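[1] Need the 3D shape of this:
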Amino acid sequence: MCGILFHYNQNQALENGVLEFQETQVLDIIKNGLGSKIPNSSQIFNSLVPKICSRGPNYSSLLVENNNMLFFSSVLSLRSPFTKQPLESSRYIIQFNGELYNNDIDGNDTQYIMNLLDQKSVIDTIHTLDGEFAFTIYDKKEQNICFGRDPVGKRSLAYYLKNEELYISSVQPGFEERSDFIDCDNGSIYQYSFKNKHLEIVEHAVTYNINSNTDKDFKNIEDRLNKLNNVLIQSIKQRIHNIDPFHIESETDPLYAILFSGGLDCTVIAGLAASISKPETSIDLFNVGFDNPRTGMKASEAPDRKLAIESWLNLSKQFPSINFNLIEIDIPYEEYLETRPKVIELMYPKNTEMDLSIAIAFYFASRGKGNRLSLHDVPLEQISYSSAKTVEHYQSKAKVLLSGLGADELYGGYHKFANKDNESLAEELTRQINNIHERNLQRDDKVISDNGVEVRYPFLSHDVIQFSTQEIEINYKISKLILRKLASQIGLEFVSEEPKRAIQFGAKSAKMTANGNKKGTDELK
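    Alright, predicted model coming up:
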């Protein structure tokens with residue numbers, strides 16, 4: 001995970017060179033701001049730098065090119081060897097945020113892209129990439145910069161172009177100019193020519209189409225279940241293997257965690273991850289709940305907490321060699337109020353009550369700070385909530401998070417899909433998966449990454465999407481039928497019938513104030 005910030009203004013006169021910030025300096029910038037560390041930079045640029053640093057707290061660097069271009073990158077190092085950004089060659093300057101899963105990668109993702117550029121054009125290089133990413137690539141020879149997001153849009157990126165001044169950034173500023181920033185579409189490749197002062201989209205977004213075929217007799221169900229199991233395992237394997245964070249304090253520290261409501265999607269991910277993990281692997285399960293003064297309900301009483309405990313206990317019994325740690329993240333109302341303005345700023349341009357209730361739940365969950373419950377060394381027959389060992393004020397070391405996002409869009413999980421006929425369901429799911437970048441991913445990436453962690457989406461891998469949209473029959477997707485059957489097939493019957501519950505209702509982060517009549521679509525005031 002990295003943060004990307006680029007600024008071009010033909011009227012600025014900066015001194016070319018590279019300015020590096022080591023980890024202690026990066027943490028100081030996050031806490032105290034930029035100050036005078038980068039002379040002659042703009043107000044917008046200065047306001048964005050601390051946010052960019054929060055996304056990659058291990059290292060940051062500024063590269064000035066042509067006296068009028070600033071490339072600022074931050075790095076959260078999760079794969080060896082550690083590679084500084086921006087990465088420069090005689091022809092290209094690359095800023096890369098994300099994770100690649102191409103089979104022929106041997107080393108760092110950004111260096112892999114630079115090596116591809118020695119053999120291919122910029123457009124062909126981007127077509128080669130498989131993963132979760134956003135990027136900028138500056139071509140010194142052609143005097144243009146290309147930028148964009150992966151085909152699904154799993155990493156945030158926005159741009160500002162006004163009066164021949166260009167910004168490209170993973171996040172947006174927190175004052176008036178932010179309204180001039182435009183979110184990049186998923187899969188589109190934007191190219192700005194510094195010679196012609198012109199921006200064009202040279203590659204348009206990928207469109208996924210849902211197969212509307214049916215199998216009323218369910219004669220293909222076993223084949224589809226086996227294939228779904230295989231593509232999901234491969235997707236999870238790509239996302240949890242070869243994690244090599246910058247700091248490893250203990251071999252027993254979890255390398256990854258799961259955003260865990262205890263529901264169907266995240267529990268399937270947890271079960272499949274456990275099935276391919278070595279004995280004694282530790283996995284943190286992040287579960288968040290909010291004290292809700294309107295209802296008087298405590299965080300520990302939230303519906304998702306009760307479900308998470310039940311699923312955690314069952315997972316621990318089914319996979320006794322895996323150390324599942326349930327992290328109970330309880331958020332007092334005072335802390336919610338204190339953090340609310342920051343989350344509203346991070347999630348912009350999203351600006352509704354529903355967006356806030358979702359975003360703030362993900363913000364606190366991804367922080368990984370709470371009470372840790374562990375059943376390690378507890379005999380199988382004695383596994384229970386009361387037998388768990390508790391560590392208070394625990395801070396997870398996991399820097400990679402797995403999310404179940406995408407399952408509802410691929411397998412028909414939302415309640416509004418329940419009564420649709422097959423053709424209407426196919427049309428609706430097509431809209432959902434093609435809009436997930438704008439509706440969810442851009443917002444979620446900005447709030448989660450601010451905690452210096454990287455979220456990965458097993459359900460949104462290229463192969464899982466291709467199989468799920470093209471081969472799985474539409475009647476297998478009524479109320480997530482195929483995913484429920486998969487849960488039963490892999491021994492997770494306890495969650496196979498669990499109904500869909502949105503995070504804002506499960507964690508009780510919705511309707512926190514006395515005015516409980518607010519609608520999710522109401523704009524924030």
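[2] which stretches of this structure have low pLDDT?
    35-37, 39-40, 176-177, 246-249, 500-502, 505-506, 508, 511, 513-520 (pLDDT under 70).
[3] middle-most residue in it, spatially?
    For the chain, the residue whose C-alpha lies nearest the mean C-alpha position (Cα atoms, centre = their mean) is Val455; its distance is 3.6 Å.
[4] so who does that one touch?
    Neighbouring residues of Val455 by Cβ atoms under 8 Å, 6 or more residues apart in numbering: 259, 366, 400-403, 444-445, 448-449. In short, each C-beta sits where N, CA and C put it, glycine included.
[5] mind listing which of the residues you listed are in helices?
    Judged by DSSP state H, helices contain the following of these: 366, 444-445, 448-449.
[6] Among the residues you listed, give me the pair with the biggest separation.
    The span of the ones in helices among the contacts of Val455, defined through Cβ to Cβ, is set by Ser366 and Asp445 at 10.5 Å.
[7] Just the closest of the ones in helices among the contacts of Val455 to Asp304, please.
    Closest to Asp304 out of those is Ser366 (15.0 Å), distances taken as Cβ to Cβ.
[8] follow-up on the earlier one: which of the ones in helices among the contacts of Val455 has the largest number of neighbours?
    Using other Cβ atoms under 10 Å as the neighbour criterion, Asp445 leads the ones in helices among the contacts of Val455 with 29 neighbours.
[9] Which element, helix or strand, includes the closest residue to that residue other than its chain neighbours?
    Of all residues not flanking Asp445 in the chain, Ser156 sits nearest, at 4.3 Å (Cβ to Cβ, 6 or more residues apart in numbering). Following DSSP states H and E, one finds Ser156 outside all helices and strands.
[10] if I pick Ser156, what's in contact with it?
    134, 149, 170-171, 183, 441-442, 445-446, 449.
[11] cool, Gln172 as well?
    Here Gln172 is in contact with 48, 158, 178, 181, 348-349 (Cβ under 8 Å, 6+ apart).
[12] Put the buried members of those residues into a PyMOL selection.
    Typed into PyMOL, the line below selects the buried ones among the contacts of Gln172, using 16 or more other Cβ atoms under 10 Å:
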select buried, resi 48+158+178+181+348
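[13] Arg340: which of the contacts of Ser156 is nearest?
    Looking across the contacts of Ser156 and measuring by Cβ to Cβ, the closest to Arg340 is Lys446, at 15.2 Å.
[14] Next, count neighbours for that closest one.
    Lys446, neighbours per other Cβ under 10 Å, totals 26.
[15] Pro57 too?
    22.
[16] Contacts only, for it.
    So Pro57 contacts 23, 26-27, 30, 74, 76, 452 (Cβ under 8 Å, 6+ apart).
[17] and these as CSV, adding secondary structure and neighbour count?
    CSV is the format used below for these (DSSP: H, G, I helix; E, B strand; the rest coil; neighbours: other Cβ atoms under 10 Å):
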residue, secondary structure, neighbour count
Glu23, helix, 14
Val26, helix, 25
Leu27, helix, 16
Ile30, helix, 20
Ser74, strand, 31
Leu76, coil, 22
Gly452, coil, 22
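[18] Make a markdown table out of those residues and add distance to Phe417.
    A markdown table is the format used below for the contacts of Pro57 (distance: Cβ to Cβ, whole Å):
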| residue | distance to Phe417 |
| --- | --- |
| Glu23 | 46 |
| Val26 | 44 |
| Leu27 | 45 |
| Ile30 | 41 |
| Ser74 | 39 |
| Leu76 | 36 |
| Gly452 | 36 |
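[19] do you know how far Pro81 is from Asn242?
    12 Å (Cβ to Cβ, to the nearest Å).
[20] So between those two, which is more surrounded?
    For the pair Pro81 and Asn242, the greater number of neighbours falls to Asn242 (14 against 9), based on other Cβ under 10 Å.
[21] The more buried one is in contact with Arg79, isn't it?
    Yes: between Asn242 and Arg79 there is a contact under Cβ atoms under 8 Å: 6.3 Å.
[22] who touches whichever strand or helix holds Glu345?
    According to DSSP H and E, Glu345 maps onto helix 333-347. By Cβ under 8 Å, 6+ apart, the list of residues contacting helix 333-347 from outside reads 51, 171, 174, 290-293, 351, 355-356, 359-360, 363-364, 443, 446-447, 450, 509, 512, 524.
[23] hey, where'd the strands end up in the stretch 201-350 of the chain?
    In the stretch 201-350 of the chain, the strands defined using DSSP state E, counting those that start in this stretch lie at 256-259, 282-290, 323-331.
[24] mind listing what the last one pairs with, with the direction of each?
    So the one you mean is strand 323-331. strand 282-290 (parallel), strand 369-374 (antiparallel) (DSSP bridges).
[25] now do the first one
    Based on DSSP bridges, the pairing partners of strand 256-259 within the sheet are strand 282-290 (parallel), strand 400-402 (parallel).
[26] Next, the closest residue to Ile38 other than its chain neighbours: phi, psi?
    Distance criterion Cβ to Cβ, 6+ apart; nearest residue to Ile38, sequence neighbours excluded, is Leu62 at 6.0 Å. Dihedral angles phi and psi of Leu62 (degrees, to the nearest 10) take the values phi -120, psi 130.
[27] Return the distance of Leu62 relative to Pro173.
    Distance, Leu62 to Pro173, using Cβ to Cβ: 17 Å.
[28] do the same with Pro332
    Distance of Pro332 to Pro173, computed by Cβ to Cβ: 30 Å.
[29] who has more neighbours, those two?
    Between Pro332 and Pro173, Pro173 has the larger neighbour count (other Cβ under 10 Å), namely 22 against 13.
[30] What helix or strand is the more buried one located in?
    Residue-wise, Pro173 maps onto no helix or strand under DSSP H and E.
[31] one step back: kindly reformat the strands paired with strand 323-331 as JSON lines and extend each row with mean neighbour count.
    What follows is these, written out as JSON lines (neighbours: other Cβ atoms under 10 Å):
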{"stretch": "strand 282-290", "mean neighbour count": "27"}
{"stretch": "strand 369-374", "mean neighbour count": "20"}
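[32] so how far is Asp185 from the residue lying closest to Ile329 once chain neighbours are set aside?
    Closest residue to Ile329 apart from its sequence neighbours, by Cβ to Cβ, 6+ apart: Gly370 at 3.7 Å. Look at Gly370 and Asp185: by Cβ to Cβ, they are 36 Å apart.
[33] quick one on the thing from earlier: compare the strands of the stretch 201-350 of the chain and give me the one nearest Thr125.
    strand 256-259 (28.3 Å).
[34] Any chance you could list what contacts the closest one?
    If you take Cβ under 8 Å, 6+ apart as the criterion, strand 256-259 is touched by 239-240, 243, 266, 269-270, 273, 283-286, 327, 362, 365-366, 368, 396, 398-404, 455.
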